[in-house]
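Undergrad: pasting the sequence and the predicted coordinates here, then a few questions.
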Amino acid sequence: MTALPLASRARRAAFVSAMCVGVVTAVTSLAGCGSAEDPDAGTNGVGKLSAPKIQDKSSRLAQAASAVRLSGTVVSKGHTYTLDMRLKGEGGTGSVTSKGQTFRLLRVGEDLFLKADSRFWTHDDNDDNNNGSGSGSGKGDGTPQKADEAAAAKLDGKYVKVPKGDPAYEQLSGFTDKDVLLEGMLTLHGELAKGDRGKSGALRTIKITGDEGAGGTLSVALDGKPYPLRLDRGGHAGTLKLTDWNKDFPLQEPNKSEMVDYGKQLPTS
């Protein structure tokens, strides 16, 4: 075999080297482009579904969950409520703040307990221009019944069992009912559409909107199971975070030393 001149061998080596580099670069570029064009790579895949299917899947998953923590604000009928509730099938516990007053709720099965300070118990609904039509028990003539200072002092920082016959029971127990809260909170109104992708904490999310956001915006997890993680309610009616999915927590009735028996009817608060 006739040996190639040194210059020819050098040119061939340079050509082969350049060709190899070109092939590697092309393959790398294609891989990079494929990754950039597929925002669902490495996710749970719900981002590929339609907005109604995403909502349906996340809602069913939420309803089936054993526990959840729900925190944030809700605006309803002109009142703003700040919630921090842990909920599961057997009941719930946490705090609710409204009109500058904070109270704690605890429900174990059908037994509901309320704990607040003395200022909460001496609060008069008439101070807020409700004209005696506010919630809670009354004297029977539409006039709110207000706990006197002596009674309020006994209730200060103690759990009070809310009688089932008291109007407050139905209203307050709703804050401790996982199914009721989730069904009401996770419903978007209007035509559903997929929105932007983002993050909730360390988790990637995809948003679905109702009526272009006017009917609410729900952020659903793209990492792990597609749980709903955040709800921006339509009409600026509050924002809620949903965390600690399936994370259990203790739920038991207060000790007798922590309770006060007020009787069959609570004072208005």
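TA: Perfect, thanks for sending it.
Undergrad: C-alpha from now on. contacts and neighbour counts both.
TA: Fine.
Undergrad: before we move on, which element is the nearest residue to residue 260 once chain neighbours are set aside in?
TA: Nearest residue to residue 260, sequence neighbours excluded (Cα to Cα, 6 or more residues apart in numbering): residue 160, at 5.4 Å. Using DSSP states H and E, residue 160 maps to strand 158-161.
Undergrad: what does residue 82 give?
TA: Counting by DSSP H and E, residue 82 is part of strand 79-88.
Undergrad: strands paired with that strand, and their directions?
TA: Each strand paired with strand 79-88, and its direction, by DSSP bridges: strand 67-76 (antiparallel), strand 91-98 (antiparallel).
Undergrad: residue 50 is nearest to which of these?
TA: The minimum distance between residue 50 and the strands paired with strand 79-88 falls on strand 67-76, with 25.4 Å, by Cα to Cα.
Undergrad: pLDDT on whichever strand or helix holds residue 53, on average?
TA: Using DSSP H and E, residue 53 maps to helix 51-64. Across helix 51-64, the average pLDDT comes to 96.
Undergrad: please apply the same query to stretch 71-78.
TA: 90.
Undergrad: and for stretch 189-200?
TA: Stretch 189-200 comes out at a mean pLDDT of 94.
Undergrad: what's next to the strand holding residue 160, contact-wise?
TA: By Cα atoms under 8 Å, 6 or more residues apart in numbering, the residues outside strand 158-161 that reach it are 111-117, 254, 258-262.
Undergrad: and which of the residues you listed is nearest residue 194?
TA: Using Cα to Cα, these come closest to residue 194 at residue 112, 39.5 Å.
Undergrad: now do whichever strand or helix holds that closest one against strand 91-98, angle only.
TA: Using DSSP H and E, residue 112 sits in strand 111-116. Interaxial angle, strand 111-116 versus strand 91-98 (axes from the mean of the first three to the mean of the last three Cα atoms, to 10 degrees): 30 degrees.
Undergrad: buried residues in strand 111-116?
TA: 112, 113, 114, 115, 116 (16 or more other Cα atoms under 10 Å).
Undergrad: would a markdown table of these with pLDDT and distance to residue 184 be doable?
TA: Shown next, in a markdown table, are the buried residues of strand 111-116 (pLDDT from 0 to 100; distance: Cα to Cα, whole Å):
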| residue | pLDDT | distance to residue 184 |
| --- | --- | --- |
| 112 | 96 | 21 |
| 113 | 96 | 23 |
| 114 | 95 | 23 |
| 115 | 95 | 25 |
| 116 | 93 | 26 |
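Undergrad: for these, give me JSON lines that also has distance to residue 151.
TA: Output for the buried residues of strand 111-116, formatted as JSON lines (distance: Cα to Cα, whole Å):
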{"residue": "112", "distance to residue 151": "20"}
{"residue": "113", "distance to residue 151": "17"}
{"residue": "114", "distance to residue 151": "15"}
{"residue": "115", "distance to residue 151": "14"}
{"residue": "116", "distance to residue 151": "13"}
